[in-house]
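*Asks:* quick check, what structure comes out for this input:
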Amino acid sequence: MEDHDTRDGLARPQSAPDASGVTRAVSWMAAAQILGQATSFVSVMALGALLPPSAFGTVTAGVVLVTVATLLMGAGTWGSIVSTPGIGARDARGALRLNVVNGVVLAAAMVVVAEPMIANFAKGGDPNVLRALSASLVLYSLSIVPAALLQKRMRFKSYAIAVVAATTVSSVTAVGAALLGAGVWALVIRLVLYHALLTVLIWWTARDLLAGLRRRAEPDHPVAAVRRGGWSFFVLSAANLVAFNADYLVVGRLSDTTELGTYALAFTLSFVPLRQFAWQVGGVFLAASAATPDPERVGRQMVRALRMTAVLLLPFVPPAVALAPWLPRLLGPEWLGMVVPFQMLFFVGVGHALLNVIGEFLAGSGSVAFRARVSVVWAIGMVAALVVLVSVFGIRGAAAAHALLFVPLAVAYVVRGSRHLGLSGGRVLMQLRPVVVPVAVQGLVTTALAGALVAGGISSHFAGVLAGGVGLAVVTVMLLRAQPSALKEALSIAGGVLARRPTSSTAAL
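*Replies:* From the prediction side, this is the model:
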């Protein structure tokens, strides 16, 4: 919901967002991510075809450092600004100063540790690549506060436009640089330019909110609330950082930049549903649940959001697995090793996207501490599993570690997490049944048909295309005929958003 009323700044409690506002926000973020990530996906595939795996391996080592540093800057600030009822100008200025100082210090530290990082975790890489990537830390530190304010006020349309613009320009520029022979530096340009453009656009978009903060008196009690909430958000972010990045360090330590680059691209493509969709759209759920005082309504919102996410993402799992053998044909034979890890990881990526829906509602409704504790245990288990499995099975072992540890994490979220939202795990699973059953049938049809075609002498590549297409047709028919139909529900909500009117489905949100 676009809220341009800044007469009271952000120093007053937000009222609960209306149903159509939440759905419009979700739709804007979803549309932006589909458009922006389509551009990003095409650019990554193009860069994969133009650059060797070793280039991706070198940049991956730098991205790990950037991710750690951005956690230290933003964790706690972002989530606590969104979830705290009152935020004043003093809090925003203090957070901005702290983030910028941290950004400069961490960028300098990244320059210093670049050489040992390459020597230990990306053998054969260029440490100057990591030093250049440090510029993105300073740029990111400037964007945290205004981006959090946009999210707090449900200004997701503006945020989405900024993300799409930054993603598109940086992706196109990087591909152009690679075509001109920039090599690994094309990947550096892509990341640094993205942060530069996003920071400028975010500040321009949030200028009225920042001005509104300066005009209002300070709230009575936000500082302590921000700090208390910030600690839980920090722990949660730290645990996620370890769980989603330890594999890069373990693979890099036990192999070389070629293997690391192969795994990194497989992981990046597989986790697009989580990182480039669920994490972005999840910001809407965090803000909406934080502004909704009725726990029962929050539970209903979560169930609807979970089912919508499932119908948008789950049907793509079987065709993605069936079409994975095409990746080396598109990128080159040197990428053959990414096929099996991609197939294993794509299902996990979609699964994490679904769990993130539950997690955002938990965080927004005051149960972020529970989510943080679960994530800490999961991260510790991930590290142990990675060390054992990667040493034996290489990058396939890393993918297997993610698949194995996803199971207990899912049980914790569905069984225990749902209780914090006033729901039972059984009720949550029953709400997903209209989606899960058709997708299961789709998977069986896709697998059986692909096997039959290969046995009949059809190339495995073309068998995957045919089987994937038939499977998609089957699941579409089943989703439309299901009672209740989750696909019809999603289409109804999308139609209501386009018409700018609430529908019977959005009313339940």
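
*Asks:* what ranges of the stretch 201-350 of the chain fall below the confidence cut-off?
*Replies:* Along the stretch 201-350 of the chain, the model assigns pLDDT under 70 to residues 212-230, 276-277, 279-295.

*Asks:* all helices for it, in order.
*Replies:* With DSSP state H, counting those that start in this stretch as the criterion, the stretch 201-350 of the chain has helices at 207-215, 222-254, 257-270, 272-273, 279-290, 295-313, 317-323, 326-331, 339-364.

*Asks:* looking at those, which is nearest to residue 43?
*Replies:* helix 257-270 (11.6 Å; C-beta to C-beta). In short, each C-beta sits where N, CA and C put it, glycine included.

*Asks:* packing partners of the closest one?
*Replies:* Applying 3 or more C-beta pairs under 8 Å, 6 or more residues apart in numbering; DSSP states H and E, we find helix 257-270 packed against helix 19-50, helix 53-74, helix 222-254, helix 339-364, helix 395-411.

*Asks:* columns mean neighbour count and distance to residue 106 on top of the ones you listed, output as TSV?
*Replies:* Below are the helices and strands packed on helix 257-270 laid out as TSV (neighbours: other C-beta atoms under 10 Å; distance: least, C-beta to C-beta, whole Å):
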stretch	mean neighbour count	distance to residue 106
helix 19-50	20	25
helix 53-74	23	4
helix 222-254	20	14
helix 339-364	24	25
helix 395-411	19	27
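
*Asks:* will you turn those helices into JSON lines that also has distance to residue 158?
*Replies:* Formatted as JSON lines, those follow (distance: least, C-beta to C-beta, whole Å):
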{"stretch": "helix 19-50", "distance to residue 158": "9"}
{"stretch": "helix 53-74", "distance to residue 158": "19"}
{"stretch": "helix 222-254", "distance to residue 158": "23"}
{"stretch": "helix 339-364", "distance to residue 158": "20"}
{"stretch": "helix 395-411", "distance to residue 158": "33"}
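
*Asks:* for residue 379, find the nearest of those.
*Replies:* Going by C-beta to C-beta, the one of the helices and strands packed on helix 257-270 nearest residue 379 is helix 222-254, 4.2 Å.

*Asks:* and the angle for that closest one with helix 339-364?
*Replies:* 170 degrees (axes from the mean of the first three to the mean of the last three C-alpha atoms, to 10 degrees).

*Asks:* okay, the helices of the stretch 201-350 of the chain in JSON lines with distance to residue 175 next?
*Replies:* Output for the helices of the stretch 201-350 of the chain, formatted as JSON lines (distance: least, C-beta to C-beta, whole Å):
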{"stretch": "helix 207-215", "distance to residue 175": "32"}
{"stretch": "helix 222-254", "distance to residue 175": "24"}
{"stretch": "helix 257-270", "distance to residue 175": "15"}
{"stretch": "helix 272-273", "distance to residue 175": "18"}
{"stretch": "helix 279-290", "distance to residue 175": "22"}
{"stretch": "helix 295-313", "distance to residue 175": "27"}
{"stretch": "helix 317-323", "distance to residue 175": "22"}
{"stretch": "helix 326-331", "distance to residue 175": "14"}
{"stretch": "helix 339-364", "distance to residue 175": "21"}
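
*Asks:* minimum distance to residue 110: which of those has it?
*Replies:* helix 222-254 (14.8 Å).

*Asks:* what's the angle from that closest one to helix 395-411?
*Replies:* Using the same axes, to 10 degrees: helix 222-254 against helix 395-411 is 150 degrees.

*Asks:* list the helices and strands helix 222-254 packs on?
*Replies:* helix 53-74, helix 77-83, helix 89-121, helix 257-270, helix 368-393, helix 395-411.

*Asks:* rank these by mean pLDDT and give me the bottom one.
*Replies:* Out of the helices and strands packed on helix 222-254, helix 77-83 stands lowest, with a mean of 62 (criterion: mean pLDDT).

*Asks:* circling back: TSV for the helices and strands packed on helix 222-254, including distance to residue 450?
*Replies:* Below are those laid out as TSV (distance: least, C-beta to C-beta, whole Å):
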stretch	distance to residue 450
helix 53-74	27
helix 77-83	43
helix 89-121	37
helix 257-270	19
helix 368-393	25
helix 395-411	20
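
*Asks:* thinking again about what came up before, for residue 101, find the nearest of the helices and strands packed on helix 257-270.
*Replies:* Minimum separation from residue 101 across these (C-beta to C-beta) falls at helix 53-74, 9.4 Å.

*Asks:* hmm, back to that, so which of the helices and strands packed on helix 222-254 is nearest residue 336?
*Replies:* For these, the distance to residue 336 is smallest for helix 257-270, at 8.6 Å, taking C-beta to C-beta.
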